[in-house]
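Asks: here are the coordinates; sequence isn't available:
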């Protein structure tokens, strides 16, 4: 059974930074979806097992960076220049084999962590 545990969320002022972590129980294709209040889950970033397939949502490109430490099975999301619009619950999600055209679809990921709240104040 896949286990994913996020950490690192919190309250930050606009322009600030946060780093999220996700401890995984194995080797998977990983992504960071998020869900703002009253909105559908949306794709934020993805990374393949070997560090490829780095994709970002247009809204976070240039501000967010995802990386992984395969030795420790940990995924990271470095978030800089945070904006109030980034306020959401952030999840890490995992998949085995995944088609390239499905990477940006949150519904493509079978396993999700519990989520961590990120709140950006203006």
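Replies: Structure received. A quick note: this is a predicted structure, and the numbers were derived from the prediction, not measured.
Asks: which secondary structure element contains residue 119?
Replies: strand 116-121 (DSSP states H and E).
Asks: average pLDDT across that strand?
Replies: If you average the pLDDT over strand 116-121, you get 98.
Asks: pairing partners for it, with directions?
Replies: Strand 116-121 has the following sheet partners, assigned by DSSP bridges: strand 10-13 (parallel), strand 88-90 (antiparallel).
Asks: of these, which is nearest residue 27?
Replies: Among the strands paired with strand 116-121, the nearest to residue 27 by Cβ to Cβ is strand 88-90 (21.3 Å). Heads up, the C-betas are built off the backbone N, CA and C, glycines and all.
Asks: give me the residues contacting the closest one.
Replies: With contacts defined as Cβ atoms under 8 Å, 6 or more residues apart in numbering, strand 88-90 is touched by 6, 9, 20, 32-37, 39, 44, 77, 115-118.
Asks: same deal with stretch 39-59?
Replies: Outside stretch 39-59, the residues that touch it by Cβ under 8 Å, 6+ apart are 27-36, 60, 64-68, 70, 75, 77, 85, 88, 90-91, 100, 103-106.
Asks: mind telling me which residue is nearest the centre of the chain?
Replies: The centre of the chain sits closest to residue 32, judged by Cα atoms, centre = their mean, with a distance of 2.0 Å.
Asks: where does the nearest residue to residue 100 once chain neighbours are set aside land in three-state SS?
Replies: Nearest residue to residue 100, sequence neighbours excluded (Cβ to Cβ, 6 or more residues apart in numbering): residue 53, at 7.5 Å. Under DSSP: H, G, I helix; E, B strand; the rest coil, residue 53 falls in the coil class.
Asks: okay but residue 30 is in contact with residue 20, surely?
Replies: No. Look at residue 30 against residue 20 with Cβ atoms under 8 Å: they stay out of range, at 11.8 Å.
Asks: common neighbours of the two, please.
Replies: residue 92.
Asks: residue 82 versus residue 117, what's the distance?
Replies: 13 Å (Cβ to Cβ, to the nearest Å).
Asks: meant to ask about residue 30, not that
Replies: Distance from residue 30 to residue 82, by Cβ to Cβ: 21 Å.
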